[in-house]
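# predicted model and sequence below, questions to follow.
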Amino acid sequence: MNQERDTSATLRKLLTTLSNLPDEASRRNYIERHPRVVRPAIVEQVANAVRESVRVDVSRAYSLAEAAMAIAQQLHDEDAVARALRAKGNVLTYFGSKASTNRPSGFSNRPCGSSEGQERSTKSDGH
């Protein structure tokens, strides 16, 4: 019972730390300094925390999803990357369904893969 409590407290502390890392560079730096977090189980736990927190604190959920992605990329593990992408997708989907102007840092109105100033070309086939 005490071990479960200790593990839970350690996970809460890790999630708090990860959610407070402000940018990609700080996430990379943290992961490099704490290689014990580079495990598929950690990606899974962070992804679960994203799912649990997305409706409560979308900024925290987004930060955690970014952290899950950074860890998964270090692992070079397709399953971990897929789990992290799903967590990030859940945050983006939830955020997209809300009519809020309070965007977490890193969000944009642009679709994935587009860049600012890029115009859509339309092609008419004459029909």
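That came in fine, so what should we check first?

# contacts and neighbour counts: CA atoms only from here.
Noted.

# who's in contact with residue 83?
43, 44, 47 (Cα atoms under 8 Å, 6 or more residues apart in numbering).

# go with 10 Å
Residue 83 makes contact with 40, 43, 44, 46, 47, 48, 65, 68, 69, 72, 89 under the criterion Cα atoms under 10 Å, 6 or more residues apart in numbering.

# so where's this protein uncertain?
Across the chain, the ranges flagged by pLDDT under 70 are 1-6, 98-127.

# all helices for the chain, in order.
Remark: helices assigned in the chain by DSSP state H are 2-19, 24-33, 40-53, 58-75, 78-96.

# re the thing from before, among the contacts of residue 83, the buried ones, what's the PyMOL command?
Of those, the buried ones go into a single PyMOL selection, burial set by 16 or more other Cα atoms under 10 Å:
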select buried, resi 40+43+44+46+47+48+65+68+69+72
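
# center of the protein, which residue is that?
Centroid-nearest residue in the chain: residue 65, 1.4 Å away (criterion: Cα atoms, centre = their mean).
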